[in-house]
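Visitor: mind folding the following:
(one chain, ligands or ions: 3)
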Amino acid sequence: MPRVGRVGTVVTAAILAFCVWLLGGWGSQATRIAVEDIGFVVLALFVTGCCGHAAWRQHGRQRTVWIWVTIGMVGYTAGSVIWAYHEWWRGENPFPTTADAGYLILPVAVCVALLLMPVGTSGYTHTRLALDGFIVAVAFFQIGWWTLLDPLLDSGGAGRFAIGVALAYPVLDLGVLTVALLVLGRVQPAQHRPLALLVCGMTLMAVADCVFVYSNMLDDFTVVKYGSVAWASGLLLIAFAALSSDVSLDDHADAEREISPFDMWLPYVPIVLAMAAALVRFAAAPELAPALIASVLLIVLVLLRQFIVVGENRRLLVAVEAQAMTDPLTGLANRALFQDRLAHAMVLHRRDQQTVSVLSLDLDDFKLVNDGLGHPAGDRLLVQAAERILGCARSSDTVARLGGDEFVVLMEGDPDESREVIHAVLRAFDEPFHVDGHDLLLRPSAGLAVAAAEDSEQSPERLLKQADVAMYSAKRSRSRGLHTYSPGDMPDVDERGGGHTAPNAAVHDSAVAYQLLGELRQAIDNRALTLAYQPKFDLHDDSITGVEALVRWPHPDRGLLGPDQFLQLVRDHGLMRPINELVLTQALNQIAQWRDLGLEVAVAVNVFAPSLSDLTLPAGVEQELSRCGLPCELLTVEITEDLLLGNHEHTHAVIDRLRERGVRVAIDDFGSGYSALSYLRELHVDELKLDRGFVTAVLDDRRAAAIVRAVIDLARELGLTTVAEGVENVETATLLKDYGCQVAQGYLYSPPLSPADMLSLLRSRRPAPGATISS
Ligand code: C2E
Ligand code: CA
Ligand code: CA
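Guide: Ligands and ions are numbered 1, 2, ... in the order given. From the prediction side, this is the model:
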């Protein structure tokens, strides 16, 4: 601002000289009056020019503000001219005159200008600012009245009107100052300088006005020169305020700042002082005391109440603010807060090249908990999951729930430390959750996206999206670890047709999933799902001990879909029961058909774990068996899912009833989930199907081999048949046989087959009738 600098120096020098002269009071009385009056007119004109110039340079709200200050200065200039006319030209010294009307326009106009200043959205409304200003003004009027004016009037000094006008000066000035102080805290920082200068200028004017009132009231004119100096300096500061107002200000940039307690209580201070002044006066007039004291008391009580309400409001505000930012169920950050933190982290990332990692977690099969145990239990589980994740995070990390069973963790800084947090989070899900007496093992699918230090192009939205894509990749592969985003990861369905798209890919694109769901419902209604059959072999004599029915969906456009591609939809949309029924009916029909051909073969069907709490299941199963004329012993029910509701009373009852009728019950994927051992203790079953993961590991992993061996021993001890799943080579088969495993299933023997191929296989093998049911 070199212009302000140059103009400022010249004008300051001139005004300093003027002030020195005012204080010195050299020359004759007439010269003094002439120089002072004309000096003030010139000064006022100059300041008006500065303010007009500021208004002209500005735009929008800022322009209106400076137009009002200019109006005030025009009034002040007019007052100075009228006063010069009276004092210098006519040689008279009247009070009040029309000059006072001109002078008083300044505080009023400045007050309007201040109220028009663009203030922050969360702050005061302009009406409230104006009211605060008025409250202070009236309070000071009252203080002035009780301390100065009332005694003066009693003593029969100046006329009432004159006193009113005289008092209007300090009262209006104080109102302006209050509003100015309140506005100062709420405007953009760029406005601070001009506003502070304006406030200082108005303060000096207020001081001058007080001196003026004092000298007028008490006819003491020795102090007037100090008032004049204060006026001159006040005007100079207003000119500086106009010259330093910044044109680059934006009306809409809001100053969202907390209202400070100072802002809050400032208007009340003068009220309390006014009450005190009134009380002092009442003490001197005992006849007024009872009524007036009661009035004062009332006001004090109202004030007290206001104090309390304001306090309560502040607490409420804090609570509401916190609520708007947290997830009500878990108390974690919600999406809004997370996005805010992420955006902030990305700013630091760009500025300080700091690594930002986002971990996206989605609990697998959470729907089963909701469906099986009800939503309150689901909620309790989510709370526990939230606690575990939070327990692993550092205080600098942000853990949020974005909805449903979706969690995210935002980590900044050293990627190795972030990795440790991630591993801790994943390990935290190794222990089962205890919900309503059930032990539930629930694991998350986890995806990680990292904005590395050197990657300055990354945006917060993209980073979160990448973490989600990575998480879906993890879910698709059902891999238990962490999937880190790489640019090859595809968020969308592989639309190339051809049948085996990535498992579950379709399910996660919501539009596609919606369409697929409709088609699936239709397929179920039209009985368009089919079954493949995979034989199980006796490890000792290679005979076929039975077949497992595996559901397939021949999709008109997408080809033959495997269970991985649509069972999630089945679980999520309550289609488990119709699928169970469809599979059972088809499988039993098939077995009956083969039986008619003289091939008696046992069949295993997979049943979703939550269906096992359906007390009508055993009767339904029995009915189907008898409809097909099949003995119960030919059917095995495999309980799938890693999440089995082991303690559910109904599950016990259903399993027992099935077994009472002679239906066999198997635990599927044994060893893949938690509580495998506790199932064995609690549930009475006939068969254990060793999980493929275990079986493939036996050759290379000594520990896995030891566990498999122990499980087989244990099963034998409990009278259960062990079936090894996923046997792909002879070595594994041999080893399992050595361990005492009875039955094997896997690609080594046969993949799942179409009914026709299965029939050919059965025909070629012709198992002896006694070997059909493994025991
Ligand atoms: P599961 O019950 O463990 O079925 C065995 C799965 O392993 C089948 O996959 C089968 O094709 C595959 N498999 C068999 N031998 C081998 C092998 O040697 N190596 C490898 N890598 N895999 C082998 P599929 O048919 O995709 O079924 C996947 C899962 O879907 C099943 O796992 C079962 O949990 C579920 N499922 C299938 N059909 C039904 C059904 O009708 N109802 C229910 N509730 N679930 C079903
Ligand atoms: Ca199975
Ligand atoms: Ca299995």
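
Visitor: now the biggest strand by length in the chain, how far from the centre of its chain.
Guide: The strand spanning the most residues in the chain, taking DSSP state E as the definition, is strand 544-555. Relative to the centre of its chain, strand 544-555 is centred 46 Å away, using CA atoms, centre = their mean, to the nearest Å.

Visitor: kindly report the same for stretch 170-179.
Guide: What separates the centre of stretch 170-179 from the centre of its chain is 43 Å, taken as CA atoms, centre = their mean.

Visitor: who touches stretch 238-246?
Guide: 1, 3-4, 7-8, 11, 46-47, 50-51, 53-54, 57-58, 62, 66, 69, 73, 190-191, 193-195, 197-198, 201-202 (CB atoms under 8 Å, 6 or more residues apart in numbering). C-betas here are computed from N, CA, C, even on glycine.

Visitor: against residue 414, how distant is the closest residue to residue 484 other than its chain neighbours?
Guide: Leaving out its chain neighbours, the residue that sits closest to residue 484 by CB to CB, 6 or more residues apart in numbering is residue 448, at 4.6 Å. Counting by CB to CB, to the nearest Å, the gap from residue 448 to residue 414 is 15 Å.

Visitor: go on, residue 531?
Guide: Taking CB to CB as the measure, residue 531 falls 53 Å from residue 414.

Visitor: then residue 599?
Guide: Separation of residue 599 from residue 414 (CB to CB): 65 Å.

Visitor: how about residue 425: what's its closest non-neighbour residue?
Guide: Skipping the residues right next to it in sequence, residue 425 comes nearest to residue 392 by CB to CB, 6+ apart, at 4.6 Å.

Visitor: so what's that neighbour up against?
Guide: For residue 392, the residues meeting the contact criterion (CB under 8 Å, 6+ apart) are 421, 424, 425, 427, 428.

Visitor: and residue 111, by the same measure?
Guide: Residues touching residue 111, when contacts are defined by CB under 8 Å, 6+ apart, comprise 130, 133, 172, 175, 176, 179.

Visitor: near ligand 1, list only the ones from the contacts of residue 392.
Guide: The subset of the contacts of residue 392 within reach of ligand 1, by CB under 6 Å from any ligand atom, is empty.

Visitor: can you spell out the domain ranges of this protein, please?
Guide: 2-252, 335-488, 514-773 (automatic domain parsing).

Visitor: the longest one near ligand 1 at all?
Guide: So the one you mean is domain 514-773. Yes - in this structure, domain 514-773 sits against ligand 1 according to CB under 6 Å from any ligand atom; the contacting residues are 534, 550-551, 562-564, 567, 579, 583, 606-608, 640, 668-669, 692, 725-728, 745-747, 752.

Visitor: of those residues, which belong to helices?
Guide: Counting by DSSP state H, the members of the residues of domain 514-773 next to ligand 1 that fall within helices are 567, 579, 583, 692.

Visitor: closest to ligand 1 out of these?
Guide: Looking at those and their distance to ligand 1, the nearest is residue 583, at 3.9 Å (CB to the nearest ligand atom).

Visitor: surely the closest one meets residue 604?
Guide: No - applying CB atoms under 8 Å, one finds residue 583 not in contact with residue 604, separated by 10.7 Å.

Visitor: neighbour count: those two, which is higher?
Guide: Of the pair residue 583 and residue 604, residue 604 is the one with more neighbours under other CB atoms under 10 Å, namely 27 against 19.

Visitor: phi, psi for residue 355 please.
Guide: Note on residue 355: its backbone torsions stand at phi -70, psi 140 [degrees, to the nearest 10].

Visitor: hey, C-alpha coordinates of the helix or strand containing residue 761 in CSV?
Guide: Applying DSSP states H and E as the criterion places residue 761 in helix 755-765. As requested, the backbone C-alpha atoms of helix 755-765 are provided in CSV (Å, rounded to 0.1, in the frame of the first residue of the first chain):
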residue,chain,number,x,y,z
PRO,A,755,-26.4,-85.2,-13.6
ALA,A,756,-25.8,-86.9,-16.9
ASP,A,757,-22.0,-87.2,-16.3
MET,A,758,-22.6,-88.3,-12.8
LEU,A,759,-24.9,-91.0,-14.0
SER,A,760,-22.2,-92.3,-16.4
LEU,A,761,-19.7,-92.3,-13.6
LEU,A,762,-22.1,-94.1,-11.2
ARG,A,763,-22.9,-96.7,-13.9
SER,A,764,-19.2,-97.3,-14.6
ARG,A,765,-18.5,-97.8,-10.9
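
Visitor: now it, how far from the chain's geometric center?
Guide: Relative to its chain's centre, helix 755-765 lies at 59 Å (CA atoms, centre = their mean).

Visitor: tell me the secondary structure at the closest residue to ligand 1 within the stretch 201-350 of the chain.
Guide: With distances taken as CB to the nearest ligand atom, the stretch 201-350 of the chain approaches ligand 1 most closely at residue 329, which sits 30.1 Å away. Following DSSP: H, G, I helix; E, B strand; the rest coil, the label given to residue 329 is coil.

Visitor: count the neighbours of it for me.
Guide: Residue 329: 13 surrounding residues under other CB under 10 Å.

Visitor: residue 67 too?
Guide: As a burial measure, the neighbour count of residue 67 was computed by other CB under 10 Å and equals 20.

Visitor: quick check: it touching residue 55?
Guide: Yes - Residue 67 is in contact with residue 55 according to CB under 8 Å; the separation is 4.7 Å.

Visitor: what residues do the two have in common as contacts?
Guide: None of the residues lies in contact with both residue 67 and residue 55 under the rule CB under 8 Å, 6+ apart.

Visitor: show me where the stretch 401-550 of the chain has strands.
Guide: Taking DSSP state E, counting those that start in this stretch to define them, one finds strands in the stretch 401-550 of the chain at 406-412, 433-435, 438-440, 444-451, 482-484, 530-538, 544-555.

Visitor: is residue 561 bridged to anything, and to what?
Guide: Beta bridges link residue 561 to residue 553, judged by DSSP bridges.

Visitor: just checking, it touches residue 551?
Guide: No - applying CB under 8 Å, one finds residue 561 not in contact with residue 551, separated by 9.5 Å.

Visitor: just checking, what packs against the longest helix along the chain?
Guide: Across the chain, the helix with the greatest residue count (assigned by DSSP H) is helix 289-325. Applying 3 or more CB pairs under 8 Å, 6 or more residues apart in numbering; DSSP states H and E, one finds that helix 289-325 makes contact with helix 268-284, helix 335-352.

Visitor: one more pass at 6 Å, please.
Guide: Identification of packing neighbours for helix 289-325 by 3 or more CB pairs under 6 Å, 6 or more residues apart in numbering; DSSP states H and E yields helix 268-284.

Visitor: gap between the helix it packs on and the chain center?
Guide: With CA atoms, centre = their mean as the basis, helix 268-284 stands 49 Å off its chain's centre.

Visitor: then stretch 726-740?
Guide: Between the mean C-alpha location of stretch 726-740 and the chain-wide mean there is a distance of 53 Å, by CA atoms, centre = their mean.

Visitor: buried residues in that stretch?
Guide: Of the residues in stretch 726-740, 726, 727, 732, 733, 735, 736, 739 count as buried by neighbour count, 16 or more other CB atoms under 10 Å.

Visitor: stretch 269-280 now?
Guide: Judged by neighbour count (16+ other CB under 10 Å), stretch 269-280 contains these buried residues: 270, 271, 274, 275, 277, 278, 279.

Visitor: if we take those residues, which one ends up nearest to ligand 3?
Guide: Here the nearest of the buried residues of stretch 269-280 to ligand 3, counting by CB to the ion, is residue 271; it sits at 79.3 Å.

Visitor: so that closest one touches residue 139, yeah?
Guide: Yes - here residue 271 lies in contact with residue 139, judged by CB atoms under 6 Å, at a distance of 4.9 Å.
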